[in-house]
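Q: Sequence first, predicted model second:
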Amino acid sequence: MAPETKSRKPANTAFKQQRLKAWQPILTPKTVLPTFFIVGLIFAPLGGLLLYASNSVSEVVIDYTYCDSKATVYPIYEPIPSQYITSLPQSNSSTAPMWSREVVAPPEFNLTGLNIWRCRIQFTISSALKPPVFIYYRLTNFYQNHRRYVKSFDANQLSGVAVPLETLKGGSCKPMAESADNHAIYPCGLIANSIFNDTINVTFINPPGSPTNQSYEFSKKGIAWPSDKQKYGKTQYNIADIRPPPDWASRYPNGTYTQDYPPPDISQDESFQVWMRTAGLPDFRKLYGRNDTTVMEAGTYEISIDYEFPVTRYGGTKSVVISTVSFLGGKNPFLGIVYVASGALCVILGCLFTARNLYKPRKLGDHTYLSWNNNQGRAAPSN
């Protein structure tokens, strides 16, 4: 029996021999022009619907970056400069937002002993905001997407594992892995250390039928993604083996965890979970709280903010945002504008190409347009 000879010849199949059936459409005015008009007639109304949904969202957006230096001292209020007011629903000149500032005592265990500013912002809405109502903080020029910052955490530690100090020192948490007294930092890393720590409260001023001001409560439950909650667990560390991140020191006696002031249960701390989901752009907003049941009635409200998170040192700003949602989500007109512009462009191009085809039609398959039949601009052949 003769030995089999090896061959590199592909098998005799339609796929390997490139004999599969193919179809190449011929683009003619009768097929292209209707396509332009159909796309335009679909995109333009769809974009209008998206814009309508975006415009139906009510937002209050106030930049309070310079409240600690430019606002008048409480109890005197003055109008907020217009450049710090991005959005305010149903506003008018008689109800312009006002702000004021006052000095309050530092947090209980603040080692610096320095007082902090409390920013008071008053604004008026003329129509009720139906729940759910969300409150966000917005930061600009904060690069959470920096390659070193974005990976500065330990996933095992966040899940509850008592990761040894030596492991943390050799991991990605540096330089926030070890405290000054040679203990493991929990939670470690740059992301956890820089968590947003301004405290925001909203009060309804002189509500109808009530002799006193009423607090409009925002819950911090249900603000994190369900998939994020699965990443966090209650820590198994002994309290004596860990220290809080440096920027958390003012929350704890002498900057250490104790039985009365234990480390946070990050499996239940959704504000922490929201912060740990890093933003992809330097300008972003993160959810601070939500109210799913109570209508935000028309009237005057005051936002009280304990001013602790620094932003001017890196050229950033911070704003407070109160917003409702539509059936498509929050306020974002960009997608609607793109759809309307694309639809309008398709209709305009369709009209231009139609006019061109009617004015000077071109016969399909005209050989005179082939390059070898077009002698214009060519030199005559020499004998």
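A: That came in fine, so what should we check first?
Q: C346 should be in a helix, yeah?
A: Yes - judged by DSSP: H, G, I helix; E, B strand; the rest coil, C346 forms part of a helix.
Q: what's the neighbour count on it?
A: For C346, the neighbour count with other Cβ atoms under 10 Å is 20. C-betas here are computed from N, CA, C, even on glycine.
Q: so what's it up against?
A: By Cβ atoms under 8 Å, 6 or more residues apart in numbering, the contact list for C346 reads F36, F37, V39, G40, F43.
Q: Apart from its chain neighbours, what residue comes closest to the second one?
A: For F37, ignoring the flanking residues on the chain, the nearest one in space by Cβ to Cβ, 6 or more residues apart in numbering is G350 at 4.8 Å.
Q: and that neighbour, how many residues sit next to it?
A: Neighbour tally, G350, other Cβ under 10 Å: 20.
Q: Y186 now?
A: Neighbour count of Y186, defined by other Cβ under 10 Å: 26.
Q: Same check on L158?
A: L158, neighbours per other Cβ under 10 Å, totals 23.
Q: domains in the chain, as residue ranges please.
A: Here the domain parsing of the chain from automatic domain parsing is 57-146+192-232+269-325, 153-188+233-265, 331-358.
Q: how about the helices in the stretch 251-383 of the chain?
A: Using DSSP state H, counting those that start in this stretch, the helices found in the stretch 251-383 of the chain span residues 270-276, 334-359.
Q: Quick check: the gap between the residue nearest to A11 when sequence neighbours are not counted and S179.
A: Using Cβ to Cβ, 6+ apart and skipping the chain neighbours, the partner closest in space to A11 is Q17 (8.0 Å). Q17 sits 70 Å away from S179, going by Cβ to Cβ, to the nearest Å.
Q: coming back round to it: quick check: the residue nearest to F37 touching L41?
A: No - in this structure, G350 is not within contact of L41 by Cβ atoms under 8 Å, at 9.7 Å.
Q: Could you list the low-confidence segments of the stretch 1-150 of the chain?
A: Scanning the stretch 1-150 of the chain for pLDDT under 70 picks out 1-4, 89-94, 107-113.
Q: if you set the cut-off to 90 instead, what comes out?
A: Flagging of the stretch 1-150 of the chain using pLDDT under 90 yields the residue ranges 1-12, 14-31, 56, 86-96, 104-116, 126-127.
Q: Which one of the domains of the chain lies nearest to K21?
A: K21 lies closest to domain 331-358 among the domains of the chain, at 31.3 Å (Cβ to Cβ).
Q: re the thing from before, in CSV: the contacts of C346, plus distance to I191, neighbour count and secondary structure.
A: Formatted as CSV, the contacts of C346 follow (distance: Cβ to Cβ, whole Å; neighbours: other Cβ atoms under 10 Å; DSSP: H, G, I helix; E, B strand; the rest coil):
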residue, distance to I191, neighbour count, secondary structure
F36, 48, 19, helix
F37, 51, 15, helix
V39, 44, 17, helix
G40, 46, 20, helix
F43, 40, 20, helix
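Q: Quick check: of those, which lies closest to A53?
A: Checking the contacts of C346 against A53 with Cβ to Cβ, the nearest one is F43 at 15.6 Å.
Q: Apart from its neighbours in sequence, what residue is nearest that closest one?
A: G343 is the one closest to F43 (Cβ to Cβ, 6+ apart), at 3.3 Å.
Q: pLDDT value on the one you found, please?
A: G343 carries a pLDDT value of 96.
Q: That one and F37 touch, don't they?
A: No - G343 is beyond contact range of F37, at 10.1 Å (criterion: Cβ under 8 Å).
Q: where's K151 relative to Y52, distance?
A: 41 Å.
Q: for the closest residue to V311 other than its chain neighbours, what are its contacts?
A: Excluding its sequence neighbours, the residue lying closest to V311 (Cβ to Cβ, 6+ apart) is K318, at 5.0 Å. Counting by Cβ under 8 Å, 6+ apart, K318 makes contact with D63, Y64, T65, Y137, R138, L139, T140, D198, F309, V311.
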